[in-house]
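Student: model the structure of this input:
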Amino acid sequence: MKVLIACETSGTVRDAFIARGHNALSCDLLPTETGGPHRQGDIRDILDEPWDMIISFPPCTHIASSGARWFREKQADGRQQSAIDFFMLFADHPCPKIAIENPVGIMSTQYRKPDQIIQPWQFGHDASKKTCLWLKNLLPLQGTKNIPGRTVDGKERWGNQTDSGQNKLTPSDDRWKLRSKTYQGIADAMSKQWG
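Tutor: Numbers count the residues shown, from 1 in each chain. The predicted structure follows:
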């Protein structure tokens with residue numbers, strides 16, 4: 001299949017599909033962090049090519065629930081609407097198979113509820129990161145290996161979390177990039193189950 005991995009710099013999902021024999025290309029405004037087929041530029045320039053599948057990771061900065069305290073400001077200056085419109089480029093695209101990934105946020109009400117919510121711990125990683133998937137002509141991903149968390153005050157916590165449940169990554173210039181990278185187990189499941 002000819003697969004477009006939109007808004008990916010890590011190459012993780014792209015390379016998982018290539019490893020299974022597919023013609024996959026990642027595209028982002030930023031360069032790829034690894035070697036491999038990558039188009040640096042605006043995704044809109046290649047979006048209407050004949051793709052068999054599009055897997056998209058649109059930026060979540062202005063639409064994720066984790067930033068809700070800044071929503072009024074982002075609504076007033078248009079950043080939130082711009083992010084919604086960009087997300088909808090993929091949701092409305094005529095490609096036969098589409099997956100859109102984003103954290104919990106406003107797209108559940110601005111578009112529709114996700115078809116699935118997954119966690120890295122369902123795919124062999126000692127990590128928690130609630131991730132929504134909106135799917136078109138794709139089956140929900142099946143977990144590949146559950147990793148149990150540790151119990152803290154009656155609640156499960158995983159290796160990437162503090163005891164209170166917060167992510168352990170401290171603020172930094174590249175924190176957004178580190179947090180947005182797809183876990184290898186999820187990428188492998190996408191390529192195996194959707195490829």
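Student: when you work out contacts or count neighbours from here on, use the C-alpha atoms and nothing else.
Tutor: Will do.
Student: what sits up against the helix ranked longest in the chain?
Tutor: Secondary structure of the chain per DSSP state H: the longest helix is helix 79-91. With contact meaning CA atoms under 8 Å, 6 or more residues apart in numbering, helix 79-91 is reached by 56, 58-60, 62-63, 71, 74-75, 98, 100, 107, 110-111.
Student: quick one: average pLDDT of it?
Tutor: Helix 79-91 comes out with an average pLDDT of 97.
Student: so where is this structure shaky, pLDDT-wise?
Tutor: For the chain, the stretches with pLDDT under 70 are 168-180.
Student: and the residue nearest the centre of it, what element?
Tutor: The C-alpha lying nearest the average C-alpha coordinate of the chain belongs to residue 101 (CA atoms, centre = their mean; 3.6 Å). Assigned by DSSP states H and E, residue 101 belongs to strand 98-103.
Student: now do that strand and helix 79-91, the angle between them.
Tutor: Using axes from the mean of the first three to the mean of the last three CA atoms, to 10 degrees, the inter-axis angle of strand 98-103 relative to helix 79-91 is 150 degrees.
Student: of the contacts of helix 79-91, select the buried ones using a PyMOL command.
Tutor: The PyMOL command for the buried members of the contacts of helix 79-91 (criterion: 16 or more other CA atoms under 10 Å) is given here:
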select buried, resi 56+58+59+60+62+63+71+74+98+100+107
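Student: out of the contacts of helix 79-91, who's nearest residue 1?
Tutor: Closest to residue 1 out of those is residue 98 (12.9 Å), distances taken as CA to CA.
Student: thought that closest one was touching residue 133?
Tutor: No. Between residue 98 and residue 133 there is no contact, the gap being 9.9 Å when judged by CA atoms under 8 Å.
Student: hey, where'd the helices end up in this protein?
Tutor: Under DSSP H, the chain gives helices at 12-19, 71-76, 79-91, 107-110, 175-180, 184-194.
Student: just send those back as TSV, with distance to residue 52 too.
Tutor: As requested, the helices of the chain are exported to TSV (distance: least, CA to CA, whole Å):
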stretch	distance to residue 52
helix 12-19	13
helix 71-76	34
helix 79-91	13
helix 107-110	24
helix 175-180	24
helix 184-194	11
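Student: to residue 48, which of those helices lies closest?
Tutor: helix 79-91 (10.6 Å).
Student: what about that closest one, distance to the chain center?
Tutor: Here the centre of helix 79-91 is set off from its chain's centre by 14 Å, with CA atoms, centre = their mean, to the nearest Å.
Student: hang on, the earlier thing: now the contacts of helix 79-91 as TSV including distance to residue 24?
Tutor: Listed next are those as TSV, based on distance: CA to CA, whole Å:
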residue	distance to residue 24
56	13
58	18
59	20
60	23
62	28
63	27
71	35
74	34
75	35
98	14
100	16
107	27
110	30
111	27
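Student: number of residues surrounding the residue nearest to residue 22 when sequence neighbours are not counted?
Tutor: Spatially, and ignoring its direct neighbours in sequence, residue 22 is nearest to residue 1 (5.2 Å; CA to CA, 6 or more residues apart in numbering). The number of residues packed near residue 1 is 13, by other CA atoms under 10 Å.
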